[in-house]
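J.: model this:
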Amino acid sequence: MSRISSLYDAYLRKAPRQSRSRSVVEAILGAASERLSRGGEEEDVTLQEVADRAGVGIGSLYDYFRDRRSILSALAAKVTEDNLRAFEEVLASTRELPLEDGVGKIVDFCFATYTANKRVPRAVLKIAHSIGLMPTLAESQTVFAESLAAELRERRDVAARDLDLTAWTVTQAMMGVMNTLVWQDTPPHAEAELRRELVALFCKHLRA
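T.: Take a look at the predicted model:
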């Protein structure tokens with residue numbers, strides 16, 4: 001996590017030095033995320049509405065953020081960081097599971113993160129493109145692939161010859177599917193069918 005930790009601090013006007021200050025920043029970003037999850041475009045997010053939903057004064061918001069763009073940029077970075085941390089926690093929880101169950105748990109987490117409510121992932125990807133955060137998103141996937149490879153080395157039911165290559169390929173394949181689904185309101189295949197296919201494909205690849 002050290003390679004991408006505290007991503008969103010780069011978009012703050014000043015770094016919060018106390019836990020209370022950090023809580024204010026987190027509340028502001030949480031309010032912005034909640035607003036995006038209800039629909040609308042980036043332009044529909046107003047600073048006053050974010051401040052009101054966060055329960056802080058507009059002056060406190062300006063203590064940490066210059067404008068709406070800086071809030072949304074920080075939000076995109078924070079979502080990236082939070083997603084990676086959550087991925088790694090799920091990965092750790094699969095250590096004692098059979099391979100199919102472990103892979104299934106990771107696939108389920110991806111669906112829950114990216115397709116349960118597509119508005120926030122869509123907004124994050126749009127913001128990431130506009131602020132040049134896409135290389136960081138790619139780096140976060142590489143970090144996860146490295147964590148996946150480390151976990152796979154501890155398993156006896158994985159027979160892939162090059163675990164680093166296999167973990168990277170599986171990660172990119174998974175995220176390719178999820179990033180496509182984020183933009184499709186009516187996917188051509190049902191989620192249950194996609195889940196079954198992904199689990200079977202990845203397990204076959206890991207055992208090859």
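J.: pull the contacting residues for the residue located most distally from the centre of the chain.
T.: Using Cα atoms, centre = their mean, the residue of the chain lying farthest from its centre is Gly59. It sits 29.7 Å away. Contacts for Gly59 (Cβ atoms under 8 Å, 6 or more residues apart in numbering) come out as none. For glycine as for every other residue, the C-beta is placed from the backbone atoms N, C-alpha and C.
J.: host element of the most centrally placed residue in the chain?
T.: Taking Cα atoms, centre = their mean, the centroid of the chain lies closest to Asn83, which sits 3.2 Å from it. Taking DSSP states H and E as the definition, one finds Asn83 inside helix 68-93.
J.: pLDDT averaged over that helix - what is it?
T.: For helix 68-93, mean pLDDT is 90.
J.: for the residue nearest to the centre of the chain, give me its contacts.
T.: Residues in contact with Asn83, defined by Cβ under 8 Å, 6+ apart, are 113, 140.
J.: chain center to the helix holding Asn83: distance?
T.: Offset of helix 68-93 from its chain centre (Cα atoms, centre = their mean, to the nearest Å): 5 Å.
J.: sketch out the low-pLDDT regions of this structure for me.
T.: By pLDDT under 70, the low-scoring segments of the chain are 1-6, 40.
J.: mind listing the helices for it?
T.: Counting by DSSP state H, the chain has helices at residues 19-37, 47-54, 58-64, 68-93, 99-114, 119-131, 134-152, 163-182, 191-207.
J.: JSON lines please, covering the ones you listed and showing distance to Leu7.
T.: JSON lines is the format used below for the helices of the chain (distance: least, Cβ to Cβ, whole Å):
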{"stretch": "helix 19-37", "distance to Leu7": "12"}
{"stretch": "helix 47-54", "distance to Leu7": "19"}
{"stretch": "helix 58-64", "distance to Leu7": "15"}
{"stretch": "helix 68-93", "distance to Leu7": "4"}
{"stretch": "helix 99-114", "distance to Leu7": "17"}
{"stretch": "helix 119-131", "distance to Leu7": "11"}
{"stretch": "helix 134-152", "distance to Leu7": "7"}
{"stretch": "helix 163-182", "distance to Leu7": "17"}
{"stretch": "helix 191-207", "distance to Leu7": "28"}
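J.: Ala10: which of these is closest?
T.: Closest to Ala10 of the helices of the chain is helix 68-93 (Cβ to Cβ; 7.1 Å).
J.: okay, angle between the closest one and helix 134-152 too, please.
T.: In terms of direction (axes from the mean of the first three to the mean of the last three Cα atoms, to 10 degrees), helix 68-93 departs from helix 134-152 by 10 degrees.
J.: can you check what angle separates helix 68-93 from helix 19-37?
T.: Angle of helix 68-93 versus helix 19-37, following the same axes, to 10 degrees, is 100 degrees.
J.: any buried residues in helix 68-93, and which?
T.: Buried residues in helix 68-93, counted by 16 or more other Cβ atoms under 10 Å: 70-81, 83-84, 87-88, 90-91.
J.: and for Met175, the neighbour number?
T.: By other Cβ atoms under 10 Å, the residues close to Met175 number 18.
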